[in-house]
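*Asks:* next come a sequence and a model predicted from it.
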Amino acid sequence: MIAIVLVAAAVILQPPSTPTSLPPHNVRLVDGATGQDVPVHVVVDELRRRDVVVLGEEHDNTPGHRYCAELIWALHRARPDLAISMEQFERDVQGVVDDYLRGRISEAEFLKHSRPWKNYDPDYKPQIELAKQYKLDVIAGNLPRPVASRYVSSENPMAPFKPGSTSAPNDSYFVLFKESMKSHPAMTGGPSVEGMYRAQCAKDDAMAESISDYLASRPHRKPMVIHRCGNFHCEYGLGTVSRLLQRSPLLQVGVVSMASMPDVNKPDLTKHLKKAHYLLLVPQMPKPTPPPKSPAPPAKSTTAPPKASAQAK
């Protein structure tokens, strides 16, 4: 086994009651250029100097989510003045998020009105509760889904909460997007790939604009922003990352991206190197078992019923 015990931020950066190591996981943190293992305290010490840290995820990978939550805790210990930006909450619920974090509404009201993802409780609640405990800001950065759907059929729809500017150029991001969508169910008799790409880019621009505006409005504090999103939104420095740098070219951005493997101790990194500054190697999640098929109803008989006897009364 090459399973490693992950060490958190240096002791000098932590309060005395804070543990000095993260629990061991069946994950590995490696350099995105070389594939070599990197101790997490080295990663935290490097990332804490950045303006923005993007954590690209596989949305359904539970071990990866657990590790990201602990990495955010470690970064908070190293850089207490931070905000958490999330793809998982949309711009129109920012007020609901703020009200919950500041104790103005209950958790039940928050969950009722914020449209959390179905895996909120195990995978995203830890970050929200960290923010609530330490009075950190959470940026609900994503484009509302109804607004994003309008970009599928229109290049510039009239809609609230959309970014001030967005574009969908025929570039390397588009090439990667087309390749990723080849097996997507929505592409079978559904909208065009160009329309889906416009919606993807509008989401990227919305998240980038939300982060850029947040930092620009706090020039003297200079907090760090940790942004959680799907890894396609940030790999190769494209998507949200490139659009953030278009708006704020001087920002220092670090990217950590999940990569699932059948065996994290024998990884094939051929397709993953150069995607991010650091790769978080996580075990592949088993595919959900499809529900059993319902038995077919009995076929209706086509035989005519026998005629009644002439003597029947």
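*Replies:* The structure has been received and is ready for your questions.
*Asks:* please name the strands paired to the helix or strand hosting residue 89 in the sheet, noting orientation.
*Replies:* Assigned by DSSP states H and E, residue 89 belongs to strand 82-90. Strand 82-90 pairs in its sheet with strand 137-142 (parallel), strand 224-230 (parallel), by DSSP bridges.
*Asks:* I'd like these laid out as JSON lines, including mean pLDDT.
*Replies:* Formatted as JSON lines, these follow (pLDDT from 0 to 100):
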{"stretch": "strand 137-142", "mean pLDDT": "98"}
{"stretch": "strand 224-230", "mean pLDDT": "98"}
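*Asks:* what's the most buried one of those?
*Replies:* strand 224-230 (a mean of 24; mean count of other C-beta atoms under 10 Å). In this view, the C-beta of every residue, glycine as well, is placed from N, C-alpha and C.
*Asks:* which residues touch that one?
*Replies:* Strand 224-230 has contacts (C-beta atoms under 8 Å, 6 or more residues apart in numbering) with 48, 50-59, 68, 72, 75, 79, 81-88, 124, 127, 139, 141, 207, 211, 214-215, 234, 240.
*Asks:* what does stretch 236-253 give?
*Replies:* By C-beta under 8 Å, 6+ apart, stretch 236-253 touches 49-54, 172-173, 176, 200-201, 204-205, 207-209, 211-212, 215-216, 227, 229, 232-234, 255, 274-275.
*Asks:* what do you get if the cut-off is 7 Å, keeping everything else the same?
*Replies:* 50-52, 54, 172-173, 204-205, 207-209, 211-212, 215, 229, 232-234, 255, 275 (C-beta atoms under 7 Å, 6 or more residues apart in numbering).
*Asks:* now, the residues you listed that are in helices?
*Replies:* 172, 173, 204, 205, 207, 208, 209, 211, 212, 215 (DSSP state H).
*Asks:* returning to that earlier point: specify the stretch among the strands paired with strand 82-90 that is closest to residue 283.
*Replies:* Closest to residue 283 of the strands paired with strand 82-90 is strand 224-230 (C-beta to C-beta; 18.3 Å).
*Asks:* could I get the helix or strand following the closest one in PDB with only the CA atoms?
*Replies:* For strand 224-230, the succeeding helix or strand toward the C-terminus, using DSSP H and E, is helix 240-247. The C-alpha trace of helix 240-247 is given here as PDB (Å, rounded to 0.1, in the frame of the first residue of the first chain):
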ATOM      1  CA  THR A 240     -14.200  29.700 -14.900                       C
ATOM      2  CA  VAL A 241     -10.400  30.200 -14.400                       C
ATOM      3  CA  SER A 242      -9.700  31.800 -17.700                       C
ATOM      4  CA  ARG A 243     -12.800  34.000 -17.400                       C
ATOM      5  CA  LEU A 244     -11.800  35.100 -13.900                       C
ATOM      6  CA  LEU A 245      -8.400  36.100 -15.200                       C
ATOM      7  CA  GLN A 246      -9.900  38.000 -18.000                       C
ATOM      8  CA  ARG A 247     -11.700  40.100 -15.400                       C
END
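*Asks:* sorry, back to before: give me the buried subset of the contacts of stretch 236-253.
*Replies:* With neighbours counted by 16 or more other C-beta atoms under 10 Å, the contacts of stretch 236-253 contain buried members at 50-52, 54, 173, 204-205, 207-209, 211-212, 215, 229, 232-234, 255, 275.
*Asks:* what number of residues lie near residue 60?
*Replies:* By other C-beta atoms under 10 Å, 13 other residues sit near residue 60.
*Asks:* ok, it - contacts?
*Replies:* Residue 60 neighbours (C-beta under 7 Å, 6+ apart): residue 285.
*Asks:* returning to what we had before: list just the one of the strands paired with strand 82-90 that sits closest to residue 156.
*Replies:* Among these, strand 137-142 sits nearest to residue 156 (C-beta to C-beta), with 19.1 Å.
*Asks:* now that closest one, how far from the centre of its chain.
*Replies:* With C-alpha atoms, centre = their mean, to the nearest Å as the basis, strand 137-142 stands 12 Å off its chain's centre.
*Asks:* that one to helix 240-247, inter-axis angle?
*Replies:* 100 degrees (axes from the mean of the first three to the mean of the last three C-alpha atoms, to 10 degrees).
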